[in-house]
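**Student:** Next input, structure requested:
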Amino acid sequence: MGPLEIDLAARTGLPMFLHMRAAGDDFLKIMQEQRQRITGGVVHSFTGTLEEMQQILAMDLYIGVNGCSLKTEDNLKVVQQIPLDRLLLETDCPWCEVRPTHAGYKYVRTKVALNHAIPSARCIFRLFARLTLFPFVHLPFKPVSFALLV
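**Tutor:** Numbers count the residues shown, from 1 in each chain. Next up, the predicted model:
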């Protein structure tokens with residue numbers, strides 16, 4: 001996120017799609033200085049600490065999670081603390097699905113058999129239609145219906 005992106009978001013009034021992988025301190029400093037200029041946004045593919053998550057929420061931003069956000073037990077502990085009204089579920093497929101090597105994989109339950117010739121559909125269903133993803137996430141909608149809207 002640079003000055004041009006912030007200027008564009010400020011001029012258009014559109015929210016920003018933000019990425020802060022391995023850049024928490026710099027990201028938070030820039031956002032604290034520039035937050036009043038933008039309408040809002042989501043911090044995509046979040047892998048930060050509990051403290052970083054709390055600072056992001058204090059700036060009234062949303063937090064997006066995907067498979068990259070669920071790699072380690074530490075990641076899972078942070079994701080558990082994200083308020084559901086500020087949580088966005090992402091696929092970011094085919095790069096950031098929930099993989100067997102991720103700590104969060106043990107919470108994935110297969111619900112739908114898919115044609116593996118369509119990788120993007122497979123990723124959507126892995127994250128949405130299989131959402132018994134975490135026992136601590138209770139969604140106010142049926143994941144299969146949501147996936148069909150995507």
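**Student:** A strand includes Leu88, no?
**Tutor:** Yes. Counting by DSSP: H, G, I helix; E, B strand; the rest coil, one finds Leu88 located in a strand.
**Student:** Quick check: the residue lying closest to it once chain neighbours are set aside vs Asp92, distance?
**Tutor:** Spatial nearest neighbour of Leu88, excluding adjacent residues (Cβ to Cβ, 6 or more residues apart in numbering): Gly64 at 4.2 Å. All C-beta atoms are positioned from the backbone trio N, CA, C, and that covers glycine. Distance, Gly64 to Asp92, by Cβ to Cβ, to the nearest Å: 8 Å.
**Student:** can you give me the strands for this protein?
**Tutor:** With DSSP state E as the criterion, the chain has strands at 16-19, 41-44, 62-65, 87-89.
**Student:** Can you name the residues in contact with the third one?
**Tutor:** Outside of strand 62-65, the residues that reach it under the criterion Cβ atoms under 8 Å, 6 or more residues apart in numbering are 40-46, 53, 56-57, 79, 82, 86-90.
**Student:** What strands flank that strand, and is each parallel or antiparallel?
**Tutor:** The pairing partners recorded for strand 62-65 under DSSP bridges are strand 41-44 (parallel), strand 87-89 (parallel).
**Student:** Dump that strand to PDB, restricted to CA.
**Tutor:** The C-alpha coordinates for strand 62-65 follow below in PDB (Å, rounded to 0.1, in the frame of the first residue of the first chain):
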ATOM      1  CA  TYR A  62     -12.200  -5.900   8.800                       C
ATOM      2  CA  ILE A  63      -9.900  -8.900   8.900                       C
ATOM      3  CA  GLY A  64      -9.800 -11.500   6.200                       C
ATOM      4  CA  VAL A  65      -8.600 -15.000   6.800                       C
END
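**Student:** Nice, that's everything, thank you.
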